[in-house]
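**Q** output the structure for:
(one chain, ligands or ions: 1)
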Amino acid sequence: MTEPSNWITAPWKASKQWLRKATASRSVPTMVPIRELSERHRARIQAHLLKLDPSDRYLRFGYAANDEQVARYADHLDFERDDIFGIFNRRLELIAMAHLAYTPLQDYSNCAEFGVSVLKSARGLGLGTRLFARAVIHSRNKRVEMMFIHALSENTAMLKIARSAGAKVQRDGTESEAYLKLPAAGIDTKVAEMVENQFAEVDYHFKKQAKQFWDILADVQEIRQGVRDGRHQSAE
Ligand SMILES: CC(C)(COP(=O)(O)OP(=O)(O)OC[C@H]1O[C@@H](n2cnc3c(N)ncnc32)[C@H](O)[C@@H]1OP(=O)(O)O)[C@@H](O)C(=O)NCCC(=O)NCCS
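**A** Numbers count the residues shown, from 1 in each chain. Next up is the predicted model:
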């Protein structure tokens with residue numbers, strides 16, 4: 001693919017250094033479990049996106065998507081072609097997700113577009129930055145050479161994430177395009193992704209077990225309460 005002359009790109013900043021700096025001042029654990037999502041997560045993805053308020057939907061999709069449009073977006077996600085990453089809380093609620101979209105056009109097979117959303121309750125913790133870093137590693141391993149981020153110019157947080165990773169931002173009125181040129185994958189990116197995947201799987205299964213346990217406990221307590229109430233009624 002030939003680069004249009006007006007594209008100003010910069011290489012992805014040596015990842016560890018950038019990520020350390022970007023999350024140092026916040027209470028972010030060293031590793032955040034980021035899971036690759038699949039077909040079976042579609043309903044949770046839809047639920048996550050529907051929790052975004054109108055202004056967030058405007059920032060995320062570039063227009064004020066209504067519930068129906070959001071649902072359609074979730075319904076049409078192509079898990080075979082694209083890559084989707086998510087961060088779950090203890091209740092297995094999807095609190096943050098990123099979408100790496102690829103084009104079916106052969107000439108642009110080395111390009112990906114990044115989109116992200118973090119629920120308001122989880123903002124400012126570095127999750128957006130983490131998802132971006134994860135997407136970069138994944139893209140490099142998939143031989144992607146250029147990552148694009150389309151954002152409204154008012155979207156300070158998103159543009160900050162892109163800029164601090166080394167992306168060049170071109171502003172065009174209310175809209176901005178960021179381009180990040182990625183270096184080739186190395187053994188470090190392969191190992192990093194493998195370790196992150198493993199960590200996220202273990203974390204998810206642990207959270208799943210814990211949730212099942214609490215759900216069972218809640219059911220038992222409900223049954224006990226029902227029995228108690230029944231006893232009280234029959235004693236009256
Ligand atoms: C953009 C978004 C994903 C950022 O998520 P986040 O987890 O809060 O981001 P981080 O905590 O990693 O913060 C990234 C940077 O932005 C800054 N930032 C966060 N919110 C900000 C705000 N409202 N105003 C200005 N800067 C902000 C942080 O301080 C941080 O900068 P630093 O590294 O210099 O400290 C989140 O705000 C969001 O979901 N917005 C709605 C959807 C959207 O805009 N998507 C992007 C377009 S695809």
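**Q** for the residue in the chain that the ligand sits nearest to, give its distance to Ile161.
**A** Taking CB to the nearest ligand atom as the measure, the point where the chain comes nearest the ligand is Gly128, at 2.7 Å. From N, CA and C alone the C-beta is placed, and that goes for glycine too. Going from Gly128 to Ile161 by CB to CB, to the nearest Å gives 6 Å.
**Q** if we can go back for a sec, and the contacts of the strand or helix carrying the residue of the chain closest to the ligand?
**A** Following DSSP states H and E, one finds Gly128 within helix 127-141. By CB atoms under 8 Å, 6 or more residues apart in numbering, the residues outside helix 127-141 that reach it are 12, 15, 18-19, 22-23, 28, 32, 34, 83, 85, 87, 95-98, 100, 112, 114, 116, 118, 147, 157-158, 161-162, 164-165, 180, 182-185, 189-190, 192-193, 196.
**Q** what about the helices in the chain?
**A** 15-24, 42-50, 54-61, 67-75, 127-141, 156-164, 187-235 (DSSP state H).
**Q** pipe the ones you listed into a markdown table and attach mean pLDDT and mean neighbour count per row.
**A** Listed next are the helices of the chain as a markdown table, based on pLDDT from 0 to 100; neighbours: other CB atoms under 10 Å:
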| stretch | mean pLDDT | mean neighbour count |
| --- | --- | --- |
| helix 15-24 | 63 | 15 |
| helix 42-50 | 98 | 17 |
| helix 54-61 | 96 | 16 |
| helix 67-75 | 97 | 14 |
| helix 127-141 | 96 | 23 |
| helix 156-164 | 95 | 17 |
| helix 187-235 | 84 | 12 |
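**Q** show me which residues of the protein sit near the ligand.
**A** 22, 56, 59-60, 115-118, 123-129, 151, 155-158, 160-161, 164 (CB under 6 Å from any ligand atom).
**Q** buried residues in stretch 113-130?
**A** By neighbour count with 16 or more other CB atoms under 10 Å, stretch 113-130 contains the buried residues Phe114, Gly115, Val116, Ser117, Val118, Leu119, Leu125, Gly126, Leu127, Gly128, Thr129, Arg130.
**Q** who are the contact partners of Ala98?
**A** Counting by CB under 8 Å, 6+ apart, Ala98 has contacts Ile84, Phe85, Gly86, Phe114, Gly115, Val116, Leu131, Phe132, Arg134, Ala135.
**Q** may I have the phi/psi pair for the closest residue to Asn141 other than its chain neighbours?
**A** With CB to CB, 6 or more residues apart in numbering as the measure, Ala185 is the residue that lies nearest to Asn141, at 4.8 Å, once sequence neighbours are left out. Backbone dihedrals for Ala185, given as degrees, to the nearest 10, come out at phi -70, psi 160.
**Q** okay, Ala185: pLDDT?
**A** The score at Ala185 is 93. That number is its pLDDT.
**Q** that one against Arg143, yeah?
**A** Yes - under the criterion of CB atoms under 8 Å, Ala185 is in contact with Arg143, at a separation of 7.0 Å.
**Q** okay then, goodbye and thanks.
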